[in-house]
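> structure of the sequence below:
(one chain, ligands or ions: 1)
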Amino acid sequence: MVHLNTSMQRNVIQTLGSIAHNLNIRDKYSEGHALRVSVYSKRLAARLNLPKEEIENIRMGGLLHDIGKVGFSDNVFRNEKRRPPKEIRDEIRKHPSIGRIILKNLHLLSAVIDYVYCHHEREDGSGYPRGIIGEKIPLGAKIIAIADTFDAITTDRPYQKGRTPAEALVILRKDSGKKFDSRLVEAFIAEIEENGVLEKALFPDQTNNGFCSYKHK
Ligand SMILES: [Fe+2]
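The predicted structure follows:
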């Protein structure tokens, strides 16, 4: 793979991160989501003592995981049903593949592309776009999947009020070993219990300090 030079690559990543962060211009429910997922993913990766470079790839994958949503039609963003009609579901399921194409064309690191492509795959093969099972799913994608789900559950959506962090952890544990890697779920729960959740109004200049004073009880 051809890599862009470092400063150009940094600019590309910053621009994409900004696009990902600002998806909420079209989807108000995603405000701050990309950034929070990147911080939660980084925290879990660091807790697992992964190499520094890998932690950075996972953080970046968390930031860019939904970049493929930029191609969504207004119908998808207007949808307020928990289970939308099939044509909208089909469009939603394309976003990991669209994200992969966007990043591939920009020659971003292949690990980051893989995490974006696989963040909706699930341990038991019930995910998408390929329905691959546990051992085939990259570790970074499994980490992002947990961070993504936790943040989605605790955020208000048109069809549901955001649940509490404690409720979200119960849901993650219920799906442990089915949708999510059980070892990672336990590590994530321990991380949240020890270091708390993020403020909902987390903005980019706070990314170096992803922790807030709230402690999960
Ligand atoms: Fe997604």
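> helices along this structure, start to end?
Using DSSP state H, the helices of the chain run over 6-21, 33-47, 52-64, 74-78, 86-92, 95-105, 110-118, 139-153, 165-174, 182-195.
> any idea how far the last one is from the middle of the chain?
Put plainly, it is helix 182-195. Computed by C-alpha atoms, centre = their mean, to the nearest Å, the chain-centroid distance of helix 182-195 equals 16 Å.
> check which helices and strands it sits against.
Where contact means 3 or more C-beta pairs under 8 Å, 6 or more residues apart in numbering; DSSP states H and E, helix 182-195 is packed against helix 33-47, helix 139-153, helix 165-174. Where you see a C-beta, it was placed from the backbone N, CA and C, and this is true even at glycine.
> what angle do it and helix 165-174 make?
In terms of direction (axes from the mean of the first three to the mean of the last three C-alpha atoms, to 10 degrees), helix 182-195 departs from helix 165-174 by 160 degrees.
> mean confidence for helix 182-195?
Averaged across helix 182-195, the pLDDT comes to 97.
> buried residues, that helix. List them.
Judged by neighbour count using 16 or more other C-beta atoms under 10 Å, the buried positions of helix 182-195 are 184, 185, 187, 188, 189, 191, 192, 195.
> send the alpha carbons of that helix over as PDB?
Output of helix 182-195 as PDB, limited to C-alpha atoms (Å, rounded to 0.1, in the frame of the first residue of the first chain):
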ATOM      1  CA  SER A 182     -16.400 -11.600  26.800                       C
ATOM      2  CA  ARG A 183     -12.800 -10.800  27.900                       C
ATOM      3  CA  LEU A 184     -13.100  -7.300  26.400                       C
ATOM      4  CA  VAL A 185     -16.500  -6.700  28.000                       C
ATOM      5  CA  GLU A 186     -15.100  -7.500  31.400                       C
ATOM      6  CA  ALA A 187     -12.100  -5.200  30.800                       C
ATOM      7  CA  PHE A 188     -14.400  -2.400  29.600                       C
ATOM      8  CA  ILE A 189     -16.700  -2.700  32.600                       C
ATOM      9  CA  ALA A 190     -13.700  -2.600  34.900                       C
ATOM     10  CA  GLU A 191     -12.400   0.500  33.100                       C
ATOM     11  CA  ILE A 192     -15.800   2.400  33.400                       C
ATOM     12  CA  GLU A 193     -16.200   1.400  37.000                       C
ATOM     13  CA  GLU A 194     -12.700   2.600  37.900                       C
ATOM     14  CA  ASN A 195     -12.400   5.700  35.700                       C
END
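> now that helix against helix 139-153, angle please.
In terms of direction (the same axes, to 10 degrees), helix 182-195 departs from helix 139-153 by 50 degrees.
> identify the residues contacting helix 182-195?
Residues outside helix 182-195 that contact it (C-beta atoms under 8 Å, 6 or more residues apart in numbering): 40, 43-44, 47-48, 142-143, 146-147, 150, 165, 169, 172-173, 175-176, 211, 216.
> reformat the helices and strands packed on helix 182-195 as JSON lines; add distance to residue 79 and mean neighbour count.
Shown next, in JSON lines, are the helices and strands packed on helix 182-195 (distance: least, C-beta to C-beta, whole Å; neighbours: other C-beta atoms under 10 Å):
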{"stretch": "helix 33-47", "distance to residue 79": "16", "mean neighbour count": "24"}
{"stretch": "helix 139-153", "distance to residue 79": "15", "mean neighbour count": "24"}
{"stretch": "helix 165-174", "distance to residue 79": "22", "mean neighbour count": "16"}
